[in-house]
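A.B. asks: only geometry, no sequence info:
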């Protein structure tokens, strides 16, 4: 009797490793990419790149941030606005953990070998990662506002159906361009207002980000949507 009861209990309560978790593979993969881009955007933003053939410059974090726009739009298209918004809010988790780890490492004493023989490397490391608190506050404020705005515009333009590929590209371009303009205004104003005349930087950033949104995002969103659908047809993320 005891053995039978135990066997019955085991069969009705399977081990956690045997429990099926039906998460679409596309959602799983794009969520991983989203978390990675939230961390990377703040690191590579230290370098400004020239937008050839013009003299306009843009901070390199825009490339990772455009991928965040693409991923959030892809999630909204394939899994709904609520799922995309949830990912944006949870994006604060890798962002906050990475910031905490960076400041912990910056606060730890460097090794004597690095101080004596690799002083330039140490100075470069601290210069790139030791951002001011004002910039650290400006980044998340611009991040949450612009990405939620992107999802809202992208979803509102969807209408009653999925539409054509050209419709998808147009929605992605419009939503990205508007949200990127808002992102530039928020970030540059919060980060640099009062330190110098931000007019030229603000105009250049808005023009550059809108241009990149119109030129790149429509094609990247189309590819992202198709890639996520292809992944979903293969298998669930875990079984």
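C.D. replies: Sure, I can see it. Computed from a prediction, not measured in an experiment: that's the story for all the values here.

A.B. asks: contacts for stretch 36-43?
C.D. replies: 61, 64-65, 67-68, 71, 91, 94-95, 98-99, 128-129, 131, 139, 143 (CB atoms under 8 Å, 6 or more residues apart in numbering). The C-beta positions use only the backbone N, C-alpha and C, and glycine is treated the same way.

A.B. asks: To which secondary structure element is the most centrally placed residue in the chain assigned?
C.D. replies: Residue closest to the average C-alpha location in the chain (CA atoms, centre = their mean): residue 68, at 3.5 Å. Per DSSP states H and E, residue 68 falls inside helix 61-79.

A.B. asks: tell me the mean pLDDT for that helix?
C.D. replies: Here helix 61-79 scores 91 as its mean pLDDT.

A.B. asks: For that helix, which helices and strands make contact with it?
C.D. replies: helix 25-44, helix 81-90, helix 133-156, helix 165-192, helix 199-234 (3 or more CB pairs under 8 Å, 6 or more residues apart in numbering; DSSP states H and E).

A.B. asks: right, so of these, which gets closest to residue 110?
C.D. replies: helix 25-44 (19.2 Å; CB to CB).

A.B. asks: for that closest one, which positions count as buried?
C.D. replies: 25-31, 34-35, 37-44 (16 or more other CB atoms under 10 Å).

A.B. asks: same check, this time on stretch 165-181
C.D. replies: 168-169, 171-181.

A.B. asks: how about a markdown table for these, with pLDDT added?
C.D. replies: Shown next, in a markdown table, are the buried residues of stretch 165-181 (pLDDT from 0 to 100):
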| residue | pLDDT |
| --- | --- |
| 168 | 89 |
| 169 | 90 |
| 171 | 91 |
| 172 | 91 |
| 173 | 92 |
| 174 | 92 |
| 175 | 92 |
| 176 | 91 |
| 177 | 92 |
| 178 | 92 |
| 179 | 92 |
| 180 | 88 |
| 181 | 90 |
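
A.B. asks: Among these, find me the one that's closest to residue 120.
C.D. replies: residue 180 (35.2 Å).

A.B. asks: Test my guess that that closest one contacts residue 215.
C.D. replies: No: between residue 180 and residue 215 there is no contact under CB atoms under 8 Å: 12.0 Å.
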